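Asker: return atomic coordinates for the entry below.
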Amino acid sequence: MKKLYIAIVILFVVLVTVIIINTVSYQSRQMIVAPVAPVATIAVDANKAAQRLALAIQLPTISNQQVDVFNAKALLQLHGLIERQFPLVAAQLERRVINNYSLLYQWPGANPDLKPVTFLAHMDVVPAEVESLTLWSYAPFSGTLAEGFIWGRGAMDDKSSMYALLEAVEHLLAQSFVPQRTLYLAFGHDEEVGGAQGAAKIAEYMQEKSIHSLFTLDEGMVIVDAQLSPAKQATAIVGIAEKGYVSVSLTAKAQGGHSSIPDKISAIGLLAEAILALEENQMPASLDGPSGKMFEFIGPEMTGVQKMVFANRWLFNQVILSSLLAKKSTAALIRTTTAVTLLQAGVKENVLPSQATAVVNFRILPGNDAQQVLAHVSKVIDNDNVSISFTKNSVKKPASLVSASDTPEFLMLEKTVKQIFPNTLFTPGLVLGGTDSRHYETVADNNYRFLPYQVSNEDLARVHGVDERLSIKAYGQMIQFYRQLMLNVAQ
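Answerer: Next comes the predicted model:
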């Protein structure tokens with residue numbers, strides 16, 4: 001017994017020693033070898049730039065779920081507005097209109113042997129719900145400049161990015177800058193409904209012309225403030241992948257009839273059981289892939305117990321997963337999510353329906369696929385009275401490829417972030433929604449997703465929501481960021 005006690009003590013001491021050594025040696029992944037000095041601020045008139053963006057916001061370039069219904073007039077007006085507002089871009093860059101409404105600009109580099117870089121953005125926006133119009137501080141397509149902000153659809157998603165890119169290029173052209181590397185600006189017109197007619201067609205054109213980029217940079221992730229960051233410090237998250245998308249239909253069947261003589265369980269009851277089973281038995285969580293990479297970068301920046309836990313993932317992996325699964329915002333980072341979105345059953349209050357259906361939407365984690373989702377649903381429900389299939393005309397978007405986070409160009413993104421946003425952490429991450437980037441996977445080595453502005457918890461609800469806005473100061477920083485990134489990658 002004494003020997004067993006001594007063995008346990010020795011094992012405990014060894015374990016504690018290993019934990020301490022791992023924690024102490026848990027090295028920062030931030031750019032610390034050669035600290036990055038902020039660059040000198042350039043003369044960007046953010047107020048005048050905001051006025052130009054405001055005019056673009058006033059054009060309702062709305063995408064509709066019916067892909068053949070969109071505001072073609074507004075898109076063409078936006079084309080003309082860009083030509084007038086950015087005369088040097090119009091005069092010196094080659095502009096190609098793709099599929100009638102999308103735009104591709106080419107800024108030729110002096111060295112054709114260097115791979116180009118492509119900057120992405122989109123011209124379309126989501127509509128503002130009629131029911132919400134009275135809740136807006138300023139009308140969603142007013143492009144109002146007030147209280148230090150630019151208000152309206154596109155201020156955050158994504159006209160600000162497109163216009164900041166154009167402002168950066170216009171500024172560099174005014175300085176007679178000539179890039180060594182060719183730069184492309186690719187602006188799709190239907191990102192909000194999948195990008196099949198915009199970004200996909202631009203990518204097809206680039207493939208036909210054998211244009212292959214070193215990387216693309218699109219929307220996706222942002223700089224989260226200290227409150228949102230797990231490291232409790234402003235953190236720039238660059239998406240290196242995005243989730244996939246598929247919807248599954250559940251159809252429960254039972255004996256119909258009069259509600260006065262019900263069976264033991266109805267079609268609706270069967271469906272409810274199936275839904276509950278899916279919500280209580282979701283697909284497994286994992287810290288592999290992009291989200292695991294994120295914690296590799298920010299784990300060393302944590303303090304105390306948190307740092308110790310992430311430094312010893314081999315021991316505390318389950319603890320980390322349980323903690324992340326406790327919040328819906330972090331749970332979505334580490335698993336394929338299950339969301340019941342549509343229900344249909346019954347025609348009258350005293351009639352038992354013979355059939356009840358539900359649609360369950362899954363956002364697919366890199367490493368999972370649609371067939372695995374369907375197999376999971378079938379296994380969990382396991383009821384012959386509930387049929388399971390992909391929804392009719394289902395859009396099956398696989399999770400994107402995972403781009404590299406150890407390349408010189410990824411380090412260049414980090415350098416640029418720290419030049420414009422000093423004291424900001426930097427990390428790769430996973431985009432939960434979809435972007436145009438997925439269409440460029442065959443025409444670029446890597447696809448990165450990052451909008452260079454900071455958001456708070458309050459700001460998150462404004463994207464696609466009420467009172468979308470961006471501060472004029474933040475917009476000026478966006479222009480600074482894109483200009484500096486172009487200098488960094490193109491020289």
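
Asker: just how off-centre is stretch 394-402 within its chain?
Answerer: 13 Å (Cα atoms, centre = their mean, to the nearest Å).

Asker: and Asn447, what element?
Answerer: strand 444-455 (DSSP states H and E).

Asker: what does Leu59 give?
Answerer: Applying DSSP H and E, one finds Leu59 in no helix or strand.

Asker: what residues are up against it?
Answerer: Counting by Cβ atoms under 8 Å, 6 or more residues apart in numbering, Leu59 makes contact with 74, 77-78, 81, 141. Every C-beta, even on glycine, is put in place using the N, C-alpha and C of the backbone.

Asker: then Ala311?
Answerer: 19, 22-23, 25-26, 299-300.

Asker: pretty sure Glu273 sits in a helix.
Answerer: Yes - counting by DSSP: H, G, I helix; E, B strand; the rest coil, Glu273 is located in a helix.

Asker: so how far is Leu217 from it?
Answerer: Look at Glu273 and Leu217: by Cβ to Cβ, to the nearest Å, they are 46 Å apart.

Asker: tell me which of those two has more neighbours.
Answerer: The residue with more neighbours, out of Glu273 and Leu217, is Leu217; 28 against 16, by other Cβ atoms under 10 Å.

Asker: next up, the contacts around that one.
Answerer: 117-120, 413, 448-450, 485.

Asker: ok, now with 7 Å
Answerer: By Cβ atoms under 7 Å, 6 or more residues apart in numbering, the contact set of Leu217 is 119-120, 448, 450.

Asker: still on that earlier bit, neighbour-wise, which one of the contacts of Leu59 leads?
Answerer: Counting by other Cβ under 10 Å, top hit in the contacts of Leu59: Leu78 with 26 neighbours.

Asker: Ile275 contacts Ala339, correct?
Answerer: No - Ile275 lies out of contact with Ala339 (Cβ atoms under 7 Å); the separation is 10.8 Å.

Asker: re the thing from before, which residues touch the strand holding Asn447?
Answerer: Strand 444-455 is contacted from outside by 118, 161, 212-225, 234, 236, 238-240, 242, 403-404, 407, 409, 413, 431, 435, 437, 440-441, 470, 474, 477-478, 481, using Cβ under 7 Å, 6+ apart.

Asker: if we go to 6 Å?
Answerer: 161, 213-223, 225, 238-239, 403-404, 431, 435, 437, 440, 474, 478, 481 (Cβ atoms under 6 Å, 6 or more residues apart in numbering).

Asker: export the contacts of Leu217 to TSV and tack on neighbour count and distance to Pro87?
Answerer: Output for the contacts of Leu217, formatted as TSV (neighbours: other Cβ atoms under 10 Å; distance: Cβ to Cβ, whole Å):
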residue	neighbour count	distance to Pro87
Phe119	27	20
Leu120	31	23
Tyr448	25	30
Phe450	27	29
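
Asker: what's the helix or strand for Val238?
Answerer: Assigned by DSSP H and E, Val238 falls in strand 235-242.

Asker: the top helix by length along the chain - contacts with which helices or strands?
Answerer: For the chain, the helix with the greatest residue count under DSSP state H is helix 2-24. On a contact count with 3 or more Cβ pairs under 6 Å, 6 or more residues apart in numbering; DSSP states H and E, helix 2-24 meets helix 304-311.

Asker: for Ser137, the count of nearby residues, please.
Answerer: Based on other Cβ under 10 Å, the number of other residues close to Ser137 is 13.

Asker: next: Ala146.
Answerer: 11.

Asker: how close does the closest residue to it other than its chain neighbours sit to Val455?
Answerer: Leaving aside its sequence neighbours, Ala146 sits nearest to Tyr138 (Cβ to Cβ, 6 or more residues apart in numbering; 6.5 Å). Distance of Tyr138 to Val455, computed by Cβ to Cβ: 19 Å.

Asker: with Tyr205 instead?
Answerer: Remark: distance between Tyr205 and Val455 (Cβ to Cβ) = 33 Å.

Asker: residues near Trp403, how many?
Answerer: Small correction: residue 403 is Ser, not Trp. Ser403: 24 neighbours (other Cβ under 10 Å).

Asker: domains for this structure, by residue range?
Answerer: Domains of the chain are assigned by automatic domain parsing as 46-242+399-490, 244-390.

Asker: all strands for the stretch 101-250 of the chain, in order.
Answerer: Remark: strands assigned in the stretch 101-250 of the chain by DSSP state E, counting those that start in this stretch are 102-107, 117-122, 145-146, 149-151, 183-188, 213-224, 235-242, 244-253.

Asker: could you export the ones you listed as a markdown table, including mean pLDDT?
Answerer: Listed next are these as a markdown table, based on pLDDT from 0 to 100:
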| stretch | mean pLDDT |
| --- | --- |
| strand 102-107 | 98 |
| strand 117-122 | 98 |
| strand 145-146 | 98 |
| strand 149-151 | 98 |
| strand 183-188 | 98 |
| strand 213-224 | 97 |
| strand 235-242 | 98 |
| strand 244-253 | 96 |
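
Asker: same list (these) but as a markdown table, adding distance to Val466.
Answerer: A markdown table is the format used below for the strands of the stretch 101-250 of the chain (distance: least, Cβ to Cβ, whole Å):
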| stretch | distance to Val466 |
| --- | --- |
| strand 102-107 | 29 |
| strand 117-122 | 21 |
| strand 145-146 | 16 |
| strand 149-151 | 11 |
| strand 183-188 | 25 |
| strand 213-224 | 19 |
| strand 235-242 | 25 |
| strand 244-253 | 25 |
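
Asker: looking at the ones you listed, which is nearest to Gly304?
Answerer: Ranking those by proximity to Gly304 (Cβ to Cβ) places strand 235-242 first, at 17.9 Å.
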